[in-house]
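K.L.:
let's see this in three dimensions:
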Amino acid sequence: MKHFTRFYKTGVLGMLAILMIFLTSSCQYDYSSPQPGIIQIRLKTISSYIPFSELNNFIITYSLVQAVRNDGSRAAIYEDLRAIDTKPLGINVLDFRARDSVLIIGETYVPPGDYSGVQFTITPKDDLTLRGYQKIKVNNIGFESSALIVLTQSYKVNEYNLTVVTIEFNLDQTLIKDAFDYNFIPNFHISSIKNY
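P.N.:
Residues are numbered from 1 along each chain as shown. So this is what the prediction gives:
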């Protein structure tokens, strides 16, 4: 019985030694991955002909908003950081927040790195409302129902930091006045990129 107990203790110690060798050998490499950064897309509307007012509105639906990396891969931009799915987002471009560049189209966590731009699909509403009651028809020029907008400008996303990409929408150049209606020719560009 003594012989068995001694053999048992030696076997347990031997197994522990082998287990420790395997565990310590797998810890020699640092496998830590970088922490994400945040991209936030904001809208700034330029409009000198149509005033910003609660009674004036022109809705554009944004969908498939994506940040494009330098390697060509894309990251979907969600409505907010807690969203788990992308949904089309109708935005009144004559909102006071759009005038002041604080209207958020979307934001998401992304891997840090170099990015080459932003792309999204827009679908404008068929009419513009002025003074709360006057509806003016809007005709899409150059596309049927929705248009893919690709905006290229290099920017960098860092770990733990917020990168704000502000898209400027020039309503004066987008809505071209016709006799009784407006023609819609989209005019977007990236006006600023800030890292916080």
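
K.L.:
what are the boundaries of the strands in the protein?
P.N.:
37-46, 59-69, 74-76, 89-92, 103-110, 113-124, 127-130, 134-140, 147-157, 162-170, 175-177, 182-184, 188-195 (DSSP state E).

K.L.:
of all these, which one is nearest residue 13?
P.N.:
strand 103-110 (47.1 Å; CB to CB). Just so you know, the C-beta spots here come from the backbone N, C-alpha and C atoms, and that holds for glycine as well.

K.L.:
quick check: angle from that closest one to strand 59-69?
P.N.:
30 degrees (axes from the mean of the first three to the mean of the last three CA atoms, to 10 degrees).

K.L.:
what residues of strand 103-110 count as buried?
P.N.:
Residues 103, 105-108, 110 are the ones in strand 103-110 that count as buried (16 or more other CB atoms under 10 Å).

K.L.:
then stretch 87-102?
P.N.:
Neighbour-count burial for stretch 87-102, with 16+ other CB under 10 Å as criterion, is recorded at 89, 91-95, 97-99, 101.

K.L.:
so, low pLDDT: which residues of the protein?
P.N.:
Along the chain, the parts satisfying pLDDT under 70 run over 1-9, 23-31.

K.L.:
one more pass at 80, please.
P.N.:
Residue ranges of the chain with pLDDT under 80: 1-14, 16-17, 19-33, 142-145.

K.L.:
how deep is the closest residue to residue 196 other than its chain neighbours tucked in, by neighbour count?
P.N.:
Spatial nearest neighbour of residue 196, excluding adjacent residues (CB to CB, 6 or more residues apart in numbering): residue 162 at 4.4 Å. The tally of other residues near residue 162 (other CB atoms under 10 Å) stands at 14.

K.L.:
which ones are touching residue 162?
P.N.:
If you count contacts by CB atoms under 8 Å, 6 or more residues apart in numbering, residue 162 has them with 37-38, 40, 195-196.

K.L.:
give the contact list for the most centrally placed residue in the chain.
P.N.:
Nearest to the geometric centre of the chain sits residue 77, at 2.9 Å (CA atoms, centre = their mean). By CB under 8 Å, 6+ apart, the contact set of residue 77 is 39, 41, 65-67, 86, 105-108, 118, 120.

K.L.:
switch the cut-off to 7 Å
P.N.:
By CB atoms under 7 Å, 6 or more residues apart in numbering, residue 77 lies in contact with 39, 41, 65-67, 106-108.

K.L.:
and those, which two are furthest apart?
P.N.:
Spatially, the most separated pair among the contacts of residue 77 is 66 and 107, at 12.7 Å (CB to CB).

K.L.:
verify the stated contact: residue 176 with residue 186.
P.N.:
No: using CB atoms under 7 Å, residue 176 is not in contact with residue 186, being 11.3 Å away.
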